[in-house]
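Novice: curious how this folds, go ahead:
(one chain, ligands or ions: 1)
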Amino acid sequence: MSKLLFTVYLLTMAGIASGQGAYSKKEQMKQLIARQFEFADQQYKVLAKNVPADVMPKTYVAKNNKVETSDTKWWCSGFYPGSLLYIYEYTKDTAILKEAKKRLAILEKEKHYTGNHDLGFMMFCSFGNAYRITKNPIYKSTIDTAAASLITRYHPAAKVIQSWNSNKQWKGPVIIDNMMNLELLAWVTDQGGDPKYKEIAINHADATMKNHFRTDYSSYHVVDYDMNTGKVVKKGTAQGASNESAWSRGQGWALYGYTMMYRFTQKQSYLDLAKHIAKFILENPNMPADGIPYWDFNAPGIPNTYRDASAAAVIAAGLLELGQYVTKKEQTVYVTEAEKIITSLSSDAYRSKPGQNGGFLLMHSTGALPLKSEIDVPLTYADYYFLEALTRYKKWYL
Ligand code: GLY
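Specialist: Numbering: from 1, shown residues only. Purely as a prediction, here's the structure:
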């Protein structure tokens, strides 16, 4: 090799070692994110046309070529306006903002809803983003009212917020999903609100940490409490494969939830738990190579069963935040995994072609397989957490 060629070789190797390889990965991600938002901007205009003005999109039924809708009390009613707001934040397309505002207007009345624990999903994914982006104080007042509604479900003896009302199967059910609703409460306190909201959120997270997790850091879906004493009556599932299985979206809610609660509290135990949950997910022998989990990590019939793109999107968004609170080495592991998930979700295997899929972005989510509901379909929250993961990646890692 000539001296000149050898010098070029050395410079190239040095470039790779000093992070030019990482630069090209960054550039790839930057372009991928730009393409997804460009697509989302157009695709959500298709979805908007498919959804009457007084309801929200829920899913798409391919065999009838019909978008199924819900009223604003459905737990997912905040995701569509929230997704529109993420799209607007990136594209600055005012037609998208207009559609978001239209949907916020029909959702606003649910700030008084107390029928279940889902107020955080409903009112913070929507109005939280609206306030973050526009700083309109009207949105803040809606969020404050929603927090007051949510804590009506708090039981001081058990120190938890009851997820669903008592029914034949459960006395005082608390589901792992409920961790997600705590963001609404902690945020209100941190914005100058009453400290009681954050105290309730911390009490709930502490009780859930104690009672929801197995020794391998997988989470039960439902823990049933005697709300008068705080005693755990039983543990089981409603949407998972079995009482002892690890329902995939539930593991995602847990990962995201404890990472988010660490953001608000800096409690080391929350960060430690989030890292253990991440390990359970990322090192799970049943996690497919493309990073999109089956609907339950213990689903019967793996690999011949359904995936859950929504769980993958929640996990990606959670890992990206977790990457903010750990060592550089750990961050690389979490961000690399999130990149893999985002890349898979952006591929033809999971992402719709323009104009198809009723206007939803992603295909192949599973809502509640044991209830025979929403199997292998698009779902509003898969799109929402996908867009959130793209937004987080751009904000923290580009
Ligand atoms: N929070 C309900 C679900 O994840 O299906």
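
Novice: rest of the way, CA atoms for contacts and neighbours
Specialist: OK.

Novice: tell me which element Glu339 falls in.
Specialist: In this assignment (DSSP states H and E), Glu339 forms part of helix 328-345.

Novice: what's near enough to touch Asp296?
Specialist: Listed by CA atoms under 8 Å, 6 or more residues apart in numbering, the contact set of Asp296 reads Gly240, Ala241, Ser245, Ala246, Trp247, Ser248, Arg249.

Novice: ok, 10 Å please
Specialist: 239-242, 245-251, 286-287, 302, 305-308, 311, 366, 369 (CA atoms under 10 Å, 6 or more residues apart in numbering).

Novice: and the residue nearest the centre of the chain, what pLDDT?
Specialist: With distances taken as CA atoms, centre = their mean, Val314 lies nearest the centre of the chain, 3.5 Å away. Looking at Val314, its pLDDT is 99.

Novice: what ranges do the strands span in the stretch 201-350 of the chain?
Specialist: Shown for the stretch 201-350 of the chain, the strands assigned by DSSP state E, counting those that start in this stretch span residues 222-226, 231-236.

Novice: deepest of these, which one?
Specialist: strand 222-226 (a mean of 22; mean count of other CA atoms under 10 Å).

Novice: what about the nearest residue to Leu255 once chain neighbours are set aside, distance to Gln42?
Specialist: In this structure, Leu255 finds its nearest non-sequential neighbour in Ala274, 5.2 Å apart by CA to CA, 6 or more residues apart in numbering. Computed as CA to CA, to the nearest Å, the Ala274 to Gln42 distance reads 36 Å.

Novice: same check, this time on Thr332
Specialist: Thr332 is 33 Å from Gln42, by CA to CA.

Novice: which helix or strand contains Tyr60?
Specialist: If you go by DSSP H and E, Tyr60 is part of strand 56-61.

Novice: show me what that strand is packed against.
Specialist: helix 21-49, strand 66-70, helix 79-91, helix 94-107, strand 373-377, helix 380-397 (3 or more CA pairs under 10 Å, 6 or more residues apart in numbering; DSSP states H and E).

Novice: give me the contacts around that strand.
Specialist: With CA under 10 Å, 6+ apart, strand 56-61 has contacts from 47-48, 50-51, 66-74, 76-81, 103, 106-107, 357-360, 363, 365, 367, 374, 377-381.

Novice: on that earlier part again, list the contacts for the residue nearest to the centre of the chain?
Specialist: Residues near Val314 by CA under 10 Å, 6+ apart: 248-256, 381-386, 388-389.

Novice: repeat that with 7 Å
Specialist: Applying CA atoms under 7 Å, 6 or more residues apart in numbering to Val314 gives the contacts Gly252, Trp253, Tyr385.

Novice: isn't the last one up against Ala313?
Specialist: Going back to what we said before, that points to Tyr385. Yes: with contact defined as CA atoms under 7 Å, Tyr385 counts as touching Ala313 (5.2 Å).

Novice: between those two, which has more neighbouring residues?
Specialist: Ala313 (31 against 26; other CA atoms under 10 Å).

Novice: of the contacts of Asp296, just the buried ones, ChimeraX syntax please.
Specialist: The ChimeraX command for the buried members of these (criterion: 16 or more other CA atoms under 10 Å) is given here:
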select :239,240,241,242,245,246,247,248,249,250,251,286,287,306,307,308,311,366,369
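
Novice: just the ones of the contacts of Asp296 in helices?
Specialist: Ser248, Arg249, Gly250, Gln251, Ala311 (DSSP state H).

Novice: Asn167: which of those is nearest?
Specialist: Gly250 (21.1 Å; CA to CA).

Novice: I figured the closest one was touching Ile175, is that so?
Specialist: No: between Gly250 and Ile175 there is no contact under CA under 7 Å: 8.5 Å.

Novice: residues shared between the contacts of these two?
Specialist: His221.

Novice: kindly export the host helix or strand of Thr189 (C-alpha atoms) in PDB.
Specialist: Using DSSP H and E, the element containing Thr189 is helix 182-190. Output of helix 182-190 as PDB, limited to C-alpha atoms (Å, rounded to 0.1, in the frame of the first residue of the first chain):
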ATOM      1  CA  LEU A 182     -49.900  10.000  37.000                       C
ATOM      2  CA  GLU A 183     -48.200  12.400  34.600                       C
ATOM      3  CA  LEU A 184     -51.200  14.700  34.700                       C
ATOM      4  CA  LEU A 185     -51.100  14.800  38.500                       C
ATOM      5  CA  ALA A 186     -47.400  15.400  39.000                       C
ATOM      6  CA  TRP A 187     -47.400  18.000  36.200                       C
ATOM      7  CA  VAL A 188     -50.200  20.100  37.800                       C
ATOM      8  CA  THR A 189     -48.300  20.300  41.100                       C
ATOM      9  CA  ASP A 190     -45.100  21.200  39.400                       C
END
